[in-house]
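Participant: with the sequence up front, the predicted model follows.
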Amino acid sequence: MGWKSLDDMELDGKRVLLRVDINVPVEEGRVTDATRIERIVPTVDDILSRGGKVTLLAHFGRPKGKVVEEMSLRQVLPALEKALGRDVAFLPSLDAAGDAQADLQLMENIRFYPGEEANDEDFARQLAALGDIYCNDAFSAAHRAHASTEALARLLPACAGRLMQAELSALEAALAKPERPVGAVVGGAKVSTKIALLENLVNRLDVLVIGGGMANTFLAALGADLGKSLEEPDYYDTAKDIMAQAEKAGCRVILPVDGLVAREFAKGAAHEVAPLGSDAKLATDQMVLDAGPETVALVETAFADLRTLIWNGPMGAFEIPPFDTATVAAAQAAAAKTREGILTSVAGGGDTVAALNQARVADDFTYISTAGGAFLEWMEGKTLPGVAALDGSAA
């Protein structure tokens, strides 16, 4: 990849405009989850330790180019200072930023300015005048061509921060240059939200495990009658096309061969294990809510041969026990192989992080992305404007 990192930049005496994602959950004016803030600490510390000055650029919510007091970044300042262990000056406006002298400062919500989401070059020039170097540490915002993620990167010497560097390196290892055999678990509710992802992956993988509600659509497309299970009849042909593409590309597709079947979607609901397949026939009031033990065994056997694994989405309705069984078991199997040094495992997007946390294995995976949409778009093979701008291809 052509992007530069902080290692390529001379920082002493330089003003660094650092784009971060600290769009964290806040309740009653207090940050309830500081994970995203904590992840930017290595980049900030690195710049400051090498003599640079940092101005943090970030968004909060969707104010749509207007000042919305409830979306002020001022409310995250205490959590930011706690994570960094430093005082952080707050800049309420661009005008204030021009006169600021602090070594570490946070600019007010960049989306208060209409030029941000419009990717306006004049606005980007105003920002560029405040710094000598641009550093992007917000991979989770890199799929947006906004002034602070794309246009600004073309106006100053640009690089990736430590978090962005780790994210890009992990994704490159998982998809661009993976150690083979390479597999993926793709789960979730609907095929319709992951068509591009599946179409891209089947041409790059050796094994594809399809789980969750979307597996029902594939099974139904093959002829299964799954009662009142969640499925998308409008996407039967799409499912067949994806399976045909996989066969042509030499990618083995694993669908559930059995499942946990219940008559109600509720915690602890009465359930049974039922065989699944093209000839499956459930009662009209039954629904598949998780993959069964035979499917889990099949997945674990497939994992044994892999050297790289990408994970996106749960294998069942993991939020409600016991329908988290397959997700937890498969995740623990992947984590065990990762701990042994056999498997490189990269996960991210949607409910994936929550599911792996529930399985208590998130720390055992090689890399967990919290990027959401940017993670998915990368896996779909799309060019991310904020990444392209760092290697000069957006110029």
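Facilitator: Arrived safely, thanks for sending.
Participant: for the rest of this, base every contact and every neighbour count on C-alpha atoms.
Facilitator: OK.
Participant: and the helix or strand of the chain with the lowest mean pLDDT, how far from the chain's centre?
Facilitator: Here the helix or strand of the chain ranked lowest by mean pLDDT, DSSP states H and E is helix 94-99, holding a mean of 78. Averaging C-alpha coordinates over helix 94-99 and over its chain gives two centres that are 33 Å apart (CA atoms, centre = their mean, to the nearest Å).
Participant: next SSE after that helix?
Facilitator: strand 104-107 (DSSP states H and E).
Participant: for that next one, give the mean pLDDT please.
Facilitator: Rounded to a whole number, the mean pLDDT of strand 104-107 is 96.
Participant: those strands in the stretch 1-150 of the chain, which residues are they?
Facilitator: 15-19, 26-27, 30-31, 53-57, 89-91, 104-107, 133-136 (DSSP state E, counting those that start in this stretch).
Participant: of all the ones you listed, which lies closest to G188?
Facilitator: Ranking those by distance to G188, with CA to CA as the measure, places strand 26-27 first at 26.7 Å.
Participant: what number of residues lie near K14?
Facilitator: When neighbours are counted by other CA atoms under 10 Å, K14 registers 18.
Participant: show me the contacts for the residue lying closest to K66 once chain neighbours are set aside.
Facilitator: Here the nearest residue to K66 in space, its sequence neighbours aside, is F112; by CA to CA, 6 or more residues apart in numbering that works out to 4.7 Å. The contact partners of F112, by CA atoms under 8 Å, 6 or more residues apart in numbering, come to 63-68.
Participant: out of these, which are buried?
Facilitator: In terms of neighbour count (16 or more other CA atoms under 10 Å), the buried residues within these are 63, 65, 67.
Participant: these two touch, right, the second one and A118?
Facilitator: No: with contacts defined as CA atoms under 8 Å, G65 does not count as touching A118, sitting 9.2 Å away.
Participant: picking that back up, okay, the contacts of F112 in CSV with pLDDT and distance to G2 next?
Facilitator: Output for the contacts of F112, formatted as CSV (pLDDT from 0 to 100; distance: CA to CA, whole Å):
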residue, pLDDT, distance to G2
P63, 96, 34
K64, 93, 33
G65, 95, 32
K66, 96, 36
V67, 95, 37
V68, 96, 38
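Participant: now do stretch 172-179, average pLDDT.
Facilitator: So the average pLDDT for stretch 172-179 ends up being 86.
Participant: so where's the stretch 1-150 of the chain shaky on pLDDT?
Facilitator: Scanning the stretch 1-150 of the chain with the threshold set as pLDDT under 70 gives 1, 100.
Participant: got a pLDDT number for the nearest residue to W3 once chain neighbours are set aside?
Facilitator: Across the structure, with CA to CA, 6+ apart as the measure, the residue nearest W3 apart from its sequence neighbours is D391 (4.3 Å). D391 carries a pLDDT value of 80.
Participant: burial check on D391, number of neighbours?
Facilitator: Other residues within reach of D391 by the criterion other CA under 10 Å amount to 18.
Participant: so, low pLDDT: which residues of the stretch 251-395 of the chain?
Facilitator: Per-residue confidence of the stretch 251-395 of the chain (counting by pLDDT under 70) places the weak regions at 350, 392-395.
Participant: all helices for it, in order.
Facilitator: 293-305, 325-339, 352-358, 373-379, 385-388 (DSSP state H, counting those that start in this stretch).
Participant: buried set for the least confident helix or strand of the chain?
Facilitator: 94, 97.
Participant: how about residues contacting it?
Facilitator: Contact with helix 94-99 is made by 91, 107, 127, 130, as judged by CA under 8 Å, 6+ apart.
Participant: same thing but 10 Å
Facilitator: Counting contacts by CA atoms under 10 Å, 6 or more residues apart in numbering, the residues outside helix 94-99 that touch it are 55, 90-91, 100, 105-108, 110, 113, 126-127, 129-131.
Participant: show me which pair in those is furthest apart.
Facilitator: With distance counted by CA to CA, no two of the contacts of helix 94-99 lie farther apart than A100 and Y113, which are 19.2 Å apart.
Participant: got a list of what the closest residue in space to T238 that isn't next to it in sequence touches?
Facilitator: Across the structure, with CA to CA, 6+ apart as the measure, the residue nearest T238 apart from its sequence neighbours is I195 (7.9 Å). With contact set as CA under 10 Å, 6+ apart, I195 has these partners: 201, 235, 238-239, 242, 380.
Participant: picking up where we left off before, which neighbours do G65 and A118 have in common?
Facilitator: Common neighbours of G65 and A118, counting by CA under 10 Å, 6+ apart, are R111.
Participant: how near is the closest residue to R162 other than its chain neighbours to S5?
Facilitator: Closest residue in space to R162, ignoring its immediate chain neighbours: T43 at 5.3 Å, by CA to CA, 6+ apart. With the distance defined as CA to CA, to the nearest Å, T43 ends up 10 Å from S5.
Participant: those two: which is more packed in?
Facilitator: When neighbours are counted by other CA under 10 Å, T43 comes out ahead of the other of T43 and S5, with 22 against 17.
Participant: so the more buried one sits against C159, correct?
Facilitator: No: under the criterion of CA atoms under 10 Å, T43 makes no contact with C159, lying 11.4 Å away.
Participant: hey, what's in contact with both of these two?
Facilitator: When contacts are counted by CA under 10 Å, 6+ apart, T43 and C159 are jointly contacted by 6, 18, 135-137.
Participant: tell me the one of those residues nearest P178?
Facilitator: The closest of the shared contacts of T43 and C159, once distances to P178 are taken by CA to CA, is D137, at 23.7 Å.
Participant: give me the number of residues near that closest one?
Facilitator: When neighbours are defined as other CA under 10 Å, D137 has 26 of them.
Participant: how close does it sit to R162?
Facilitator: To R162, D137 is 7 Å away according to CA to CA.
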